[in-house]
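build me a model from this:
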Amino acid sequence: MRLPLLCLAIATLGFTQPSPAMSKKPLITVRFHTEANKNDSDTFSIPINLLYQRRQAYLSKVADISEKMIERILPFPARDGSSGCVIKLNPMGRIRLENMSGSSRGSALVIFVSTAAGNHQVADMIIDRTVTDGVITIPRGLTELEIALLKKQFKVLGETVKPYWRDKPKDRPMELPGGRFEPPADRNAAYDSISTPAPARNRRNSALDLPRLQD
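Numbers count the residues shown, from 1 in each chain. All right, here's what the predicted structure looks like:
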């Protein structure tokens with residue numbers, strides 16, 4: 001009987017001991033929650049006051065998109081003194097965004113950011129179209145600390161990565177999308193569009209503008 005007990009103890013130790021990858025916490029978390037039906041139970045939704053739309057809504061407790069799906073970022077200054085960020089999702093995130101935006105048009109999308117310093121509601125936007133390119137923009141609301149952590153945790157669009165002798169030839173910097181960012185001049189504007197395009201970096205990329213939508 002001693003041998004089975006010993007095997008059981010070893011197996012239990014293997015399952016309970018966390019791996020280095022599992023124990024490592026992200027520097028910053030970014031969660032996108034879609035608006036839920038107010039008739040849903042407290043198990044699936046939670047009431048919240050939207051900052052920019054100035055109304056009460058119910059959000060899904062489970063995030064539709066998280067920082068695990070972020071591939072690259074592009075921070076930029078917003079007109080209200082805070083910062084915004086263009087986010088390019090990985091293939092899994094692109095599919096999730098396409099499905100979510102296609103089934104939840106007209107609903108609110110709310111972004112929450114969390115760091116060791118605390119967590120807060122960054123912004124809320126209206127899902128105005130189906131997004132198929134895997135690019136989503138946080139128009140404003142990010143702090144300097146949050147931008148610094150985002151840059152530390154993710155690669156920046158258009159950033160030249162220092163060559164390393166083990167790098168494969170396919171590891172090339174990604175082309176920077178063009179476009180213009182024109183947020184509402186009034187902080188209390190009704191809403192921001194989920195499809196707000198990226199800020200222009202140079203005229204050479206002007207032909208790559210993201211689709212513009214009417215507010």
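
strands along the protein, start to end?
Ranges of strands within the chain are 29-34, 45-49, 56-60, 70-77, 83-89, 108-115, 118-126, 135-142, 155-156, 192-193, based on DSSP state E.

now for the fourth one, which elements pack on it?
Counting contacts by 3 or more C-beta pairs under 8 Å, 6 or more residues apart in numbering; DSSP states H and E, the secondary-structure elements packed against strand 70-77 are strand 83-89, helix 144-153, strand 155-156. All C-beta atoms are positioned from the backbone trio N, CA, C, and that covers glycine.

can you give the contact residues for the first one?
Identification of contacts with strand 83-89 by C-beta atoms under 8 Å, 6 or more residues apart in numbering yields 30, 65, 69-78, 96-97, 134-144, 146-147, 150, 157, 174, 177, 181, 183, 198-199.

and what of the second one?
Around helix 144-153, the neighbours that count as contacts under C-beta under 8 Å, 6+ apart are 26-28, 30, 67, 73, 75, 83, 85, 113, 115, 117, 142.

mind putting the residues you listed into CSV with pLDDT?
Converted to CSV, these look like this (pLDDT from 0 to 100):
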residue, pLDDT
P26, 89
L27, 93
I28, 96
V30, 97
E67, 96
I73, 97
P75, 96
S83, 96
C85, 97
V113, 96
T115, 95
A117, 90
L142, 96
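
name all residues that make contact with H120.
112-113.

could you redo the last one with a cut-off of 10 Å?
51, 111-114, 141-143, 146 (C-beta atoms under 10 Å, 6 or more residues apart in numbering).
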